[in-house]
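> test case, fold it:
(one chain, ligands or ions: 1)
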Amino acid sequence: MSLAGRALAVLERNDMGEFVKPSQRLYPWQWNWDSAFVVIGLAHHDPERARLEVRSLLRGQWDNGMIPHMVFHPQEVDYRPGPELWDSKGCEGSPEVPTSGLIAPPVLAIAVRVLHETAPDRAFLEEVVPRLDAWHRWFHRERTDADSGLMVIFHGWESADNAPRFDRALARIDVEGIESIERTDTLQIAAEERPSDLDYRRYVALVRWLRAREYRPEPPSSAPFAYLDLPLNSVLAVAEDDLALLQEETAGDGRRARDAAARLRTALGAMWDEESGAYRERDLHGEEGVTGTVADLFPLYAGVPDDTQARRLVERNLLAPERFGPSATAPLAVTTVSKSSPDFDSRNYWRGPVWINVNWFMIRGLERYGFHAEAEELRRLTLGLVSRSGFSEYYEPTTGEPLGTGEFSWSASLTLDLLQRA
Ligand code: 9WN
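Coordinates of the predicted model:
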């Protein structure tokens, strides 16, 4: 079967009717950015099904505009922690369907733009664009850090769970009185490829603290974990541009979204670190610094660096063999942590392995700056990896061994998009 055929078969198997779950057993609910990535792949093959995916995710939207990172459509599944941890029903403005109270990088408007470009449908746009606008306005209202102008995240689950850049912020979280929860992930996946039990106790402690405030700590910097995350802010900048375009297509006014994108770019630009040739992140209760993780490179995707900075970022970091790029001993890229970092772990989740969505963002960033040969090389490497190792959740960078769960929807779906760019 062709690679596209295999990718579509994964999406079909994971299709629950109204939403595509991220994987068969490990992730049985609807996850926010996973669904957006699924829309990007399905846009090329089954736009009507892609529209349904957007609509079912929007069923989880709160009155205040938030689209949470998980939507618990009714079904019997064995997944912990599930809806009981979040207790969304008791929160003002929560929807009919139970949801989480956290968010994910807002890829949805980016996906709807791809869908619009492959299969325009004006009535659909008129239906969803105001909902996307409410979602983006929610960010600026609820999550803006007054000093930097960047959005704050409250939890690793809002970006890259156990990435080493969150270690210090997480270590501060008090787990007194928080029991170890019965996890379902480590029944399926080797423990050394997943976050630790202590990480999970901290994750739960944070959710309890946030739930006590209906997930709206005021101001955002008062949250025990308050972090200026570069991937989320970079994704939001692009999503605002894409929303502005969609608003203009529907005879709306794209000015708010365009201004927001410009403000985010300026705020991200201020995080440039000339010495490392990458961007700094900031823990609002800790230090500012270059983290040695792929997060430091995300502003490339959003078009933040000038051309000289972009070249430096690509040469010194993204494609540098000793850092994130392919090397003789670790030919698979992009690693999620620099190989020169003491925290690099080739098998553990967001602590080093290659992820297909990260590669997809970096390919788009390279294309944006005219690094066509480099983008093409990374595209080929990514397609080679999924052809050989299947649509896994993540991959060991020295061997390409598939890690985490198999038949992972976004790896399949983004492959479909990468195949379109030949
Ligand atoms: C917690 C579903 C999700 C992705 C996240 C990824 C992982 C969950 C977990 O799986 O998070 O939400 O169990 O760690 O980190 O990006 O959306 O695929």
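
> quick check, residue 80 in contact with residue 182.
Yes. Counting by Cβ atoms under 8 Å, residue 80 does reach residue 182; the two are 5.7 Å apart. (Glycine included, C-beta is placed from N, CA and C.)

> same drill for the two, tell me which one is more crowded.
residue 80 (14 against 9; other Cβ atoms under 10 Å).

> gap between the more buried one and residue 181?
6 Å (Cβ to Cβ, to the nearest Å).

> for residue 25, same thing?
Distance from residue 25 to residue 181, by Cβ to Cβ: 18 Å.

> neighbour count winner among the two?
With neighbours defined as other Cβ under 10 Å, residue 25 and residue 181 compare such that residue 25 has more, 17 against 14.

> what ranges does the protein have for its strands?
Taking DSSP state E, the strands of the chain run over residues 30-31, 70-71, 152-153, 227-228, 272-273, 278-279, 281-283, 288-289, 394-395, 402-403.

> ok and the residue in this protein nearest the ligand?
residue 22 (3.6 Å; Cβ to the nearest ligand atom).

> quick one, what contacts the residue nearest to that residue when sequence neighbours are not counted?
Closest residue to residue 22 apart from its sequence neighbours, by Cβ to Cβ, 6 or more residues apart in numbering: residue 34 at 4.4 Å. By Cβ atoms under 8 Å, 6 or more residues apart in numbering, the residues touching residue 34 are 20, 22, 27, 409, 410.

> inside helices: which ones of those residues?
409, 410 (DSSP state H).

> pLDDT at residue 115, what is it?
What the model reports as pLDDT for residue 115 is 98.

> likewise for the one 4 residues further on?
What the model reports for residue 119 is a pLDDT of 98.

> pretty sure it contacts residue 42?
No. Counting by Cβ under 8 Å, residue 42 is not a contact partner of residue 119; they are 10.0 Å apart.

> neighbour count for the two, which is higher?
Neighbour tally, residue 119 and residue 42, criterion other Cβ under 10 Å: the higher count belongs to residue 42, 28 against 16.

> verify the stated contact: that one with residue 10.
No. If you go by Cβ under 8 Å, residue 42 and residue 10 don't touch, sitting 11.8 Å apart.

> which bits of the protein sit near the ligand?
Within the chain, the positions adjacent to the ligand are 22, 27, 31, 33, 34, 104, 157, 161, 185 by Cβ under 6 Å from any ligand atom.

> can you rerun that using 8 Å?
Within the chain, the residues that sit near the ligand (Cβ under 8 Å from any ligand atom) are 22-23, 26-27, 31-34, 69-70, 100, 104, 157, 159-161, 185, 194-195, 349-350, 393, 408-410.

> the residue nearest to the spatial centre of the chain and residue 369, how far apart?
Nearest to the mean C-alpha position of the chain, counting by Cα atoms, centre = their mean, stands residue 105 at 4.7 Å. Here the criterion is Cβ to Cβ. By it, residue 105 lies 21 Å from residue 369.

> ditto for residue 332
Relative to residue 369, residue 332 is positioned 23 Å away (Cβ to Cβ).

> those two: which has the busier surroundings?
residue 332 (23 against 19).

> check that one and give its pLDDT.
98.

> skipping adjacent residues, who's closest to it in space?
The spatially closest residue to residue 332, leaving aside those adjacent along the chain, is residue 397, at 4.3 Å (Cβ to Cβ, 6+ apart).

> and the pLDDT for that neighbour?
pLDDT at residue 397 comes out at 98.

> angles on the backbone of the residue of the chain positioned farthest from its centre, please.
In terms of distance from the mean C-alpha position of the chain, residue 177 ranks first, at 30.8 Å (Cα atoms, centre = their mean). The phi/psi pair for residue 177 (degrees, to the nearest 10) reads phi 80, psi 0.

> who's in contact with it?
For residue 177, the contact set (Cβ under 8 Å, 6+ apart) is empty.

> now stretch 44-57: buried residues?
Residues of stretch 44-57 classed as buried under the neighbour-count rule (16 or more other Cβ atoms under 10 Å) are 44, 45, 46, 47, 49, 50, 51, 52, 53, 54, 56, 57.

> from what I see, the first one and residue 417 are in contact.
Yes. Taking contacts as Cβ under 8 Å, residue 44 lies within contact range of residue 417: 7.0 Å.

> what is in contact with those two at once?
Common neighbours of residue 44 and residue 417 (Cβ under 8 Å, 6+ apart) do not exist.

> circling back to that earlier point, excluding chain neighbours, what is closest to the residue nearest to the centre of the chain?
Leaving aside its sequence neighbours, residue 105 sits nearest to residue 235 (Cβ to Cβ, 6+ apart; 4.0 Å).
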